[in-house]
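Trainee: this is the structure alone, sequence omitted:
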């Protein structure tokens, strides 16, 4: 180390839900939008690398850490309003607001709309970046606008959903550093009712037919119960929740490739076994053939189902392993208390490669990787 280098000494692991990763040079907590803007602009002027952290629920940080400054979004404003353009109620939240805190606040205030996304860890600002979704609802369904800091110009501006390229667990914000989300706004239902209950498991739990609506508070409690049963609600005493949530997205197979892929899976698991698959429709950036209008161009498969059928059961590889698949949910890779990031990545590679070898399907990771690669 030269005399001009500063040792990394600011721990980052506890800022992530995986509780993994090496340190940063410095950590700066920003309690409001003004401090976020001023801090990032000052660091940019110094050519200091910046890592923006909200809830840390979708971050995998390398063991070597981050050679720069981590800016933690600690802003907490939540405001309700009614859009002049529609009269429909909405909520505005700072990026640093805990996502489930925001969902709870909307339900407690008598509004529906966000309840199916209850219990998802992380901060509100990350939800449009990932186009977070669960139980038949995703952010794209309810997003009103996103306020971003343009680091190139230094300006704050509100961006409409149509500008974000929202797709399955992605957006055009996901892999770019020039925009920082500082606030988000979502449409709400003023009749206290939920979004239509599209997810069959949730519909069964609340006792309605798919497509029906229920009281938002009822839907929220049902979702929280389902997520707890899968180890997907944060609990410091439960290592099954020391994760980045679903580590892999459900794979989407292009329409022309789907029959061969389904045949290969059937050969492996048996012709009489039902393969969970759903129409995925055209994907963002994929040209649409007018001659095939109305025909699904792709199918979505269940990553968790493929992982299990490839031989990776819940709790894999063993009870004493430092990193395991959750004992409740095969999509979550969990730190059992003493793991390293490299150990996590080793298991992730084994699972990814095992599914590819078994079925010819490539699993793609959902988290963002910092100073490490899968």
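Mentor: Looks like it arrived, so ask away. It should be emphasised that the depicted structure is a prediction, and the values quoted were computed from it without experimental measurement. Residues are numbered from 1 along each chain as shown.
Trainee: wasn't residue 267 part of a helix?
Mentor: Yes: in this structure, residue 267 lies within a helix as judged by DSSP: H, G, I helix; E, B strand; the rest coil.
Trainee: tell me how many other residues surround it.
Mentor: The tally of other residues near residue 267 (other CB atoms under 10 Å) stands at 10. No exception for glycine: its C-beta is placed from N, CA and C like everyone else's.
Trainee: same deal with residue 152?
Mentor: Neighbour count of residue 152, defined by other CB under 10 Å: 9.
Trainee: which residues touch the nearest residue to it once chain neighbours are set aside?
Mentor: Excluding the flanking residues, the one nearest residue 152 by CB to CB, 6 or more residues apart in numbering is residue 178, at 5.5 Å. The contact partners of residue 178, by CB atoms under 8 Å, 6 or more residues apart in numbering, come to 150-152.
Trainee: so what touches stretch 162-174?
Mentor: For stretch 162-174, using CB under 8 Å, 6+ apart, the contacting residues are 128-133, 139-140, 143, 146, 148, 179, 181, 249-250, 252, 280, 283-285, 300, 366, 368.
Trainee: change it to 10 Å
Mentor: Residues outside stretch 162-174 that contact it (CB atoms under 10 Å, 6 or more residues apart in numbering): 58, 125-133, 138-141, 143, 145-146, 148, 159, 161, 179-181, 246, 248-250, 252, 280-281, 283-286, 298, 300, 364, 366, 368.
Trainee: so where is the stretch 151-300 of the chain shaky, pLDDT-wise?
Mentor: 281-296 (pLDDT under 70).
Trainee: re earlier: between the contacts of residue 178, which is nearest residue 306?
Mentor: Lowest distance from residue 306 to the contacts of residue 178 (CB to CB) belongs to residue 151, with 38.6 Å.
Trainee: quick one: that closest one from residue 69, how far?
Mentor: According to CB to CB, to the nearest Å, residue 151 stands 14 Å off from residue 69.
Trainee: joint contacts of the two?
Mentor: 40, 43, 50.
Trainee: map the structural domains onto the sequence of the protein.
Mentor: 13-73, 78-229, 239-370 (automatic domain parsing).
Trainee: the shortest one: end-to-end distance?
Mentor: Right, the one you point to is domain 13-73. With CA to CA, to the nearest Å applied, domain 13-73 spans 16 Å between its terminal residues.
Trainee: re the thing from before, in a markdown table: the contacts of residue 178, plus distance to residue 19.
Mentor: Output for the contacts of residue 178, formatted as a markdown table (distance: CB to CB, whole Å):
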| residue | distance to residue 19 |
| --- | --- |
| 150 | 33 |
| 151 | 29 |
| 152 | 34 |
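Trainee: and the next helix or strand past the longest helix seen in the chain?
Mentor: Longest helix of the chain, by residue count under DSSP state H: helix 341-359. In the C-terminal direction, the helix or strand that comes right after helix 341-359 (DSSP states H and E) is strand 368-370.
Trainee: more neighbours: residue 151 and residue 69, which one.
Mentor: Neighbour totals were compared for residue 151 and residue 69, and residue 69 leads with 21 against 18 (other CB under 10 Å).
Trainee: sticking with the closest residue to the more buried one other than its chain neighbours, tell me its helix or strand.
Mentor: In space, residue 69 comes closest to residue 26 once its chain neighbours are excluded; the distance is 4.6 Å by CB to CB, 6+ apart. Assigned by DSSP H and E, residue 26 falls within strand 24-30.
Trainee: where do the helices of the chain begin and end?
Mentor: Along the chain, counting by DSSP H, helices occupy 33-45, 99-108, 127-130, 139-142, 200-206, 216-229, 258-269, 303-309, 341-359.
Trainee: elements contacting the fifth one?
Mentor: The one in question is helix 200-206. helix 216-229 (3 or more CB pairs under 10 Å, 6 or more residues apart in numbering; DSSP states H and E).
Trainee: equivalent analysis for the fourth one, please.
Mentor: In terms of contact count using 3+ CB pairs under 10 Å, 6+ apart, helix 139-142 is assigned the packing partners helix 127-130, strand 133-134, strand 179-187.
Trainee: try it again with 8 Å
Mentor: Applying 3 or more CB pairs under 8 Å, 6 or more residues apart in numbering; DSSP states H and E, one finds that helix 139-142 contacts helix 127-130, strand 179-187.
Trainee: for it, buried residues please.
Mentor: Residues of helix 139-142 classed as buried by neighbour count (16 or more other CB atoms under 10 Å): 139-142.
Trainee: hmm, back to that, residues of the strand holding residue 26 that come out buried?
Mentor: Under the neighbour-count criterion of 16+ other CB under 10 Å, strand 24-30 has 24-25, 27-28, 30 buried.
Trainee: please state the offset of it from the chain centre?
Mentor: Relative to its chain's centre, strand 24-30 lies at 23 Å (CA atoms, centre = their mean, to the nearest Å).
Trainee: ok, and what's touching it?
Mentor: With contact meaning CB under 8 Å, 6+ apart, strand 24-30 is reached by 6, 8-10, 12, 15, 36, 39, 51, 65-75, 96.
Trainee: give me that answer again for 6 Å
Mentor: By CB atoms under 6 Å, 6 or more residues apart in numbering, the residues outside strand 24-30 that reach it are 6, 8, 10, 12, 36, 39, 65-66, 68-72, 74.
Trainee: stretch 256-271 now?
Mentor: If you take CB under 6 Å, 6+ apart as the criterion, stretch 256-271 is touched by 253, 275, 299, 309, 358-360.
Trainee: quick check: the two most widely separated of these?
Mentor: 299 and 358 (17.6 Å).
Trainee: from residue 274, how far off is residue 19?
Mentor: 37 Å.
Trainee: nice, that's everything, thank you.
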